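*Asks:* Show me the folded form of this:
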Amino acid sequence: MCDAVSAITAGLKIATAVQGYRSQRAVAKGQELANAQTRKNSDQAYLNDLSKIDNEYVLASRERKVADFKTSQEKIKKQSQALNLNAGNGDKIIQDIAGTYDMSFLDTARDYETDVIKLMSQEREAYAAQARRYNSLPPVVMPSKTGLMLQVATAGAEGYAMHKALTKPKTTMDTYSGSDSGYRY
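*Replies:* Modelled structure (predicted):
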């Protein structure tokens with residue numbers, strides 16, 4: 001009976017160690033899958049951010065072209081009107097109008113450069129957000145096969161020791177003389 005108990009105890013300890021290993025491994029694989037999905041989602045979010053930034057860049061370029069064209073057309077219109085009215089020295093009229101509209105071109109260029117700088121900053125922020133998402137992923141720790149083997153070996157050794165302790169031959173004492181009779185069970 002005691003042999004059966006020691007064998008069952010050792011078997012249960014071994015089965016528990018194996019099941020614990022399998023559970024830890026399943027949790028680790030699940031975490032790996034979750035991390036892979038998080039990375040995939042992070043990459044998609046980063047690409048979406050870059051797409052929005054590119055669209056804003058295109059819009060900023062378009063606005064600049066429209067502003068440049070309007071300024072150019074306005075400049076030509078003013079020059080033509082002044083020359084047609086014969087309002088003085090033609091060279092001075094063109095220089096005056098050109099100087100006024102050159103400032104408009106500079107304002108447009110400055111606004112465009114400001115937009116480009118903001119967009120570059122947004123790109124860096126999008127990359128930093130992706131890096132933060134990657135860095136927030138918990139590390140995956142796979143259970144140790146060596147640890148499992150040690151647990152199994154320990155459980156086996158404990159079961160063997162328990163079995164030996166329970167099956168150790170016992171000696172009896174002579175009840176009359178108090179000496180060992182040498183009789184073994």
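*Asks:* Figure out how far the helix of greatest length in the chain is from the centre of its chain.
*Replies:* Of all segments of type helix in the chain, defined using DSSP state H, the longest is helix 2-84. Relative to its parent chain, helix 2-84 has a centroid offset of 8 Å by C-alpha atoms, centre = their mean, to the nearest Å.
*Asks:* Show me what that helix packs onto, helices and strands only.
*Replies:* In terms of contacts (3 or more C-beta pairs under 8 Å, 6 or more residues apart in numbering; DSSP states H and E), helix 2-84 is packed against helix 90-135, helix 145-167. All C-beta spots, glycine's among them, are computed from the backbone N, C-alpha and C.
*Asks:* could the ones you listed be laid out in JSON lines, adding distance to A34?
*Replies:* Formatted as JSON lines, these follow (distance: least, C-beta to C-beta, whole Å):
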{"stretch": "helix 90-135", "distance to A34": "13"}
{"stretch": "helix 145-167", "distance to A34": "23"}
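*Asks:* Looking at those helices, which is nearest to T16?
*Replies:* For T16, the closest of the helices and strands packed on helix 2-84 is helix 145-167, at 8.2 Å, according to C-beta to C-beta.
*Asks:* Give me the buried positions along that closest one.
*Replies:* Going by neighbour count (16 or more other C-beta atoms under 10 Å), the buried part of helix 145-167 is L148, Q151, V152, A155, G159, M162, H163.
*Asks:* Can you tell me which of these is nearest R110?
*Replies:* Out of the buried residues of helix 145-167, the member with the shortest distance to R110 (by C-beta to C-beta) is L148, at 67.8 Å.
*Asks:* correct me, but that closest one touches A17?
*Replies:* Yes: between L148 and A17 there is a contact at 5.9 Å, judged by C-beta atoms under 8 Å.
*Asks:* just to revisit the earlier point, the helices and strands packed on helix 2-84: which one's closest to D3?
*Replies:* helix 145-167 (5.9 Å).
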